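Chemist: Curious how this folds, go ahead:
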Amino acid sequence: MFAKIYRPAKTAMQSGRAKTHGWVLEFIPSMAKRPDPLMGWASSSDTRRQIRLNFETRDEAVAYAKRHAIPFQVFEARETPRRIKTYAGNFAFERKEPWSH
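Modeler: You can find the predicted model right below:
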């Protein structure tokens, strides 16, 4: 039983950053999924992979893992640099790319 603590990444479906401010504690699967002989669906007897605990801060998640004697690893989030652009930049005289039309 091993857990990872991380900040979730921004979803690719939306441009917003909702649900990325908290921290998540998830258990790393102890065994791989295998196909069910009857239906062919992927299944596993490891029920810990269904657990996902949300915390406000990193310290709360670490304290919970220590309190329950869960070995864990913290993965720090990589912040992507934001390139702020303006609409007026599309029409700038010093534009480096040529117009496509």
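Chemist: Note down every partner strand of the least confident helix or strand in the chain by mean pLDDT and its orientation.
Modeler: In the chain, no helix or strand scores lower on mean pLDDT, DSSP states H and E than strand 42-43, which sits at a mean of 86. Neighbouring strands of strand 42-43 in its sheet, by DSSP bridges, are strand 34-35 (antiparallel).
Chemist: circling back: moving C-terminal from the least confident helix or strand of the chain, which element do we reach first?
Modeler: strand 52-55 (DSSP states H and E).
Chemist: Show me what that next one is packed up against.
Modeler: Secondary-structure packing of strand 52-55 (3 or more C-beta pairs under 8 Å, 6 or more residues apart in numbering; DSSP states H and E): strand 23-28, helix 58-67. (Glycine included, C-beta is placed from N, CA and C.)
Chemist: one more time with 6 Å
Modeler: Other helices and strands packing on strand 52-55, by 3 or more C-beta pairs under 6 Å, 6 or more residues apart in numbering; DSSP states H and E, are strand 23-28.
Chemist: Could you list the alpha-carbon positions for the strand it packs on in CSV?
Modeler: What follows is strand 23-28, C-alpha atoms only, in CSV (Å, rounded to 0.1, in the frame of the first residue of the first chain):
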residue,chain,number,x,y,z
TRP,A,23,-4.4,18.4,-3.2
VAL,A,24,-5.3,14.8,-3.8
LEU,A,25,-4.2,11.6,-2.0
GLU,A,26,-4.5,8.5,-4.2
PHE,A,27,-3.3,5.0,-3.7
ILE,A,28,-0.9,3.5,-6.3
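Chemist: what mean pLDDT does it have?
Modeler: Strand 23-28 comes out with an average pLDDT of 94.
Chemist: Report the distance from it to the chain centre.
Modeler: 10 Å (C-alpha atoms, centre = their mean, to the nearest Å).
Chemist: Quick check: Met13 is in a helix.
Modeler: No: according to DSSP: H, G, I helix; E, B strand; the rest coil, Met13 belongs to no helix; its state is coil.
Chemist: do you know how far the spatially most distant residue from the centre of the chain is from Thr57?
Modeler: Distance from the C-alpha centroid of the chain peaks at Phe93, with 40.4 Å (C-alpha atoms, centre = their mean). Distance of Phe93 to Thr57, computed by C-beta to C-beta, to the nearest Å: 48 Å.
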